[in-house]
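J.: got a predicted structure plus its sequence, pasted below:
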Amino acid sequence: MIKLFSVDNSDLDYFNLSVARICFYGWVALKLVYWNYFNEWRDVPSAFFVPQGLAAIVNFIRPFIPWSTVFFLWTYSVIFSSLGIFSWLSRWMAFVTGTLLIAQAQSYGYFGHSFMPIWWGLLFFTLTNHCDQFSLDQIIFKKNVFYKKISSIHFLDGVQVLFLLRIILCVVFFNAGVSKLVNSGFFWGGSNNIENFILRAWVWHRDLTSLGAKEFTSFLLGHSFLFAPLSSLALMLEIFSPVAILPFARRWLFIRYGLILGLWLMQKVIKYTLLVSFDSYLCLYLCWIPWSKIYYGLRKIYAAKVLY
Amino acid sequence: MKAENSLMEFKSKILFSFILVVFILGHLGSLFFQKEYWPFSPYPMYSEALHSEEWSYFSISAYNAQGEDIDFSIRKAFFPYWERALFESMLAQSKSVSSKAIQDTQNLFLKQLSLWRSDAVRRLVPQAVGLRLYELNYTFLNLRNLAKDGRLYIEKAQPTTKKLVTEVTFD
């Protein structure tokens, strides 16, 4: 177990976790504020708010919950979490209010699987303060004794939290892949099946199509022999996604990043062919990027250029 | 100090192991039973193969005072809710639905919908006086014939049958 999450240099993982924090909450905030995704909750009447699953525990006080306040707190806690202002408090607030909003009956958050993985991200980020390396708190409250005490509280180490964030995608895709085999067997990868999915999606979502999507899908439908290998590849990527998190994949990085990049590309193809967007998963892909390697690599290149 | 750090490290390892086990076992359980136990899910998106050449789905149109159908994007009016909830609500009102479970949970939803989302529908379709739920049947063979010469003529897709299930009038 120790070797499962140990790294050569935990400071680099704290670096990666901090950048992942900015990107994760920043992406949620963009979808929320700029692309008006959760913004729609603003004018939903209170009677429609019925938390489901584990969040149903609050149903007994549901009539007394001020939902407009919940939405207000959710908006600002996500923004503050990204910027790192009252970071730990903001992350906890984002988790609690996010739970109440995401786990709603009849909503995309509950049925559409778009936001369930994000909920796990919201939970895991509350468990450590090692993600605050780059935050406004570090600048504003640098010499504050109370802040130093709070920022030294860690339920988990940053390395462990980064591992948990990365495993979210692995488990989600593994479940999706195995569900396909359980429900349809290997017939799922048959060319007729994928073609039928695409045709049905285009009838359903006629209002979501774009010219690029139409050209790409038309090309695929005109070369239907591609469906069997592409769908088999998608199934393999999903089922083998947990390999990316295993210790040996850290040594053979092409396996790790090949799998993650493959999954990302698969979702892009799904967006153009099945017209289903999993853009909200992007914030979890950002947790896989080796930000520290990119930063120090660029610094080396810059230093070399300056010297020579 | 060293002993304190070791204790903290031990506690965090226990907590980490616990969270990891719950996370993985919860998802595996959901996968095994193929059921959603929020926040655990088998993520069954597109997992059921389409064996049959025919398929049907529900579609909602608005209609005006003359009884004419007006197509519009129900998703825009109904967001952030999944439009399936609306289909089920309208089905519950239809006498052809015998499922008590649907009727119990969706009738209230539909009543509230007519109060709340009718404004949103009217903004998109000012002349609408209500909504109609249709059941449309398609065949994949017809749809495949729409892909020709490197283009997909999806706008020409027509259902083989179109049946009015129920309609709801705005208050």
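T.: That came through fine. Numbers count the residues shown, from 1 in each chain, chains lettered A, B, ... in the order given.

J.: so where do the helices sit in chain B?
T.: Taking DSSP state H, the helices of chain B run over residues B:2-33, B:74-78, B:83-93, B:100-124, B:140-144.

J.: worst mean pLDDT among those?
T.: Lowest mean pLDDT within those: helix B:100-124, at a mean of 59.

J.: residue A:189: neighbour count?
T.: 22 (other C-beta atoms under 10 Å in any protein chain shown). For every residue, glycine as well, the C-beta is placed using N, CA and C.

J.: and it, how close does it get to chain B?
T.: Distance, residue A:189 to chain B, by C-beta to the nearest C-beta, to the nearest Å: 9 Å.

J.: quick one: pLDDT of that residue?
T.: 73.

J.: how about the one 3 residues further on?
T.: pLDDT recorded at residue A:192 is 76.

J.: ditto for residue A:156
T.: 90.

J.: with adjacent residues omitted, what lies nearest to it?
T.: residue A:127 (4.5 Å; C-beta to C-beta, 6 or more residues apart in numbering or on different chains).

J.: ramachandran angles for that neighbour?
T.: Main-chain dihedrals, residue A:127, degrees, to the nearest 10: phi -90, psi 0.

J.: same question for residue A:286.
T.: Residue torsions, per degrees, to the nearest 10, at residue A:286 are phi -60, psi -20.

J.: in the longest helix along chain A, what's buried?
T.: Counting residues, the longest helix in chain A under DSSP H turns out to be helix A:158-184. Burial within helix A:158-184, assessed by neighbour count using 16 or more other C-beta atoms under 10 Å in any protein chain shown, is assigned to A:158-184.

J.: nearest residue to the closest residue to chain B within the stretch 1-150 of chain A other than its sequence neighbours?
T.: Closest residue of the stretch 1-150 of chain A to chain B, C-beta to the nearest C-beta: residue A:53 (2.3 Å). Nearest non-adjacent residue to residue A:53, counting by C-beta to C-beta, 6+ apart: residue B:38, 2.3 Å away.

J.: what's the burial count for that neighbour?
T.: Residue B:38 has 19 nearby residues by other C-beta under 10 Å.

J.: you'd agree it is up against residue A:54?
T.: Yes: under the criterion of C-beta atoms under 8 Å, residue B:38 makes contact with residue A:54 at 6.1 Å.

J.: mind listing the shared neighbours of the two?
T.: Both residue B:38 and residue A:54 are contacted by residue A:103, under the criterion C-beta atoms under 8 Å, 6 or more residues apart in numbering or on different chains.

J.: re earlier: distance from the chain centre to the longest helix of chain A, please.
T.: Mean C-alpha position of helix A:158-184 versus that of the full chain (C-alpha atoms, centre = their mean, to the nearest Å) differs by 11 Å.

J.: who touches the helix or strand just after it?
T.: Sequence-wise, the next helix or strand downstream of helix A:158-184 (DSSP states H and E) is helix A:191-204. Residues outside helix A:191-204 that contact it (C-beta under 8 Å, 6+ apart): A:184, A:187, A:209, A:217, A:220-221, A:224-225, A:227-228, A:230-231, A:273-276, B:46, B:49-50, B:55, B:57, B:138, B:140, B:143-144, B:146, B:152, B:154, B:157.
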